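**Q** The following comprises the amino acid sequence and a computationally predicted model.
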Amino acid sequence: MYKCARDRNVKPEQIVQLGLPIRKGFWASKGSKEPNKNIFDGLLDNLTGSSGKSKQDSGSSIMRSKDATKSKYREQLGLMDDIPTVLIVGGGDGMGGIIQQAKALGEKLNEKADSKGNPEYQMVVVCGKNQNAQDTLSSNDWGKGVNVVVNGFVNNMDEWMRASDVIVTKAGPGTIAEASICGLPCMLSSYL
C-alpha cells in the first residue's frame, strides 16, 4: 500500500503505516485481561475425553489453568464456570457454515458427554447479523450433555473470547488477531 501511495505522488510524511486495527476491548489494560495460558495443550483430548482419562477428569486440566478473569467473564455473561467452553463465530455476518459447524460440534460434544442431567461441555454460538442462523440454532435440541448459548451480533466479543477455551471460526484476519490477543486457540475453516 505504501508503494501504491508513493506511485500516486503521496508524500512519505502523509503516509502512516499501522497494523491491523483492533477494537479497544482487546487492548490489554494494566493488570487485567491476561491472555489464557496453557489452554491448547491437550485441549481437544480434554474436550472430547479421548486422552484416556476418566470422564470425570476430562476437563480438569483446562479448569486448573483458567484464571479468575475467565471466571469473571463467564459469570458476567451468564455462562457455566466449571466446564470446557467452545466459542463458534461466523464474523459480523454469521458466514462460513456456522449452522452446520455448530450442529456437528454440538452433536459430537453431546455424544461424548456422560451426563445424566448436568452439561459437561458448553458451546457459545455468535451468529452475527445472520438471523436465520440464530433462529435455527436457538430452536435446536442440543441434548443434556452440552449447554448452548446462541447470540446474534454482539458488541463485546472480547469478553466472549476471554470466557472461552477455544474458538471455531472462519479464517477472517480480524477474528484471528483478536483471538490471538486473548491467547485463545483457533480452529479455522472457510477461508477465502
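**A** Perfect, I can see it now. Numbers count the residues shown, from 1 in each chain.
**Q** ranges for the helices of this protein?
**A** Secondary structure of the chain (DSSP state H): helices at 2-7, 43-48, 60-65, 68-77, 98-112, 131-138, 157-162, 173-182.
**Q** With just CA atoms, put stretch 137-151 into CSV.
**A** Output of stretch 137-151 as CSV, limited to C-alpha atoms (Å, rounded to 0.1, in the frame of the first residue of the first chain):
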residue,chain,number,x,y,z
LEU,A,137,-29.7,-22.8,16.3
SER,A,138,-31.9,-21.3,19.0
SER,A,139,-34.6,-23.8,18.3
ASN,A,140,-32.2,-26.8,18.0
ASP,A,141,-32.5,-29.6,20.7
TRP,A,142,-28.9,-29.9,21.8
GLY,A,143,-29.3,-32.6,24.4
LYS,A,144,-28.4,-32.7,28.1
GLY,A,145,-24.6,-33.1,27.7
VAL,A,146,-23.9,-29.6,26.3
ASN,A,147,-25.0,-26.2,27.4
VAL,A,148,-25.6,-24.0,24.4
VAL,A,149,-25.9,-20.2,24.3
VAL,A,150,-26.9,-18.7,20.9
ASN,A,151,-26.4,-15.0,20.3
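**Q** pLDDT averaged over that stretch, what's the number?
**A** Stretch 137-151 shows a mean pLDDT of 95.
**Q** Give me the below-cutoff pLDDT ranges for the protein.
**A** In the predicted model of the chain, residues 28-66, 115, 192 satisfy pLDDT under 70.
**Q** before we move on, back to that, for residue 25, find the nearest of the helices of the chain.
**A** helix 157-162 (3.5 Å; CB to CB). C-beta: built from backbone N, CA, C; applies to glycine.
**Q** thinking again about what came up before, return the most buried member of the helices of the chain.
**A** Stretch with highest mean neighbour count among these: helix 157-162 (a mean of 23; mean count of other CB atoms under 10 Å).
**Q** Tell me the helices and strands packed up against that helix.
**A** When contacts are defined as 3 or more CB pairs under 8 Å, 6 or more residues apart in numbering; DSSP states H and E, helix 157-162 sits against helix 68-77, strand 85-89, strand 121-126, helix 173-182.
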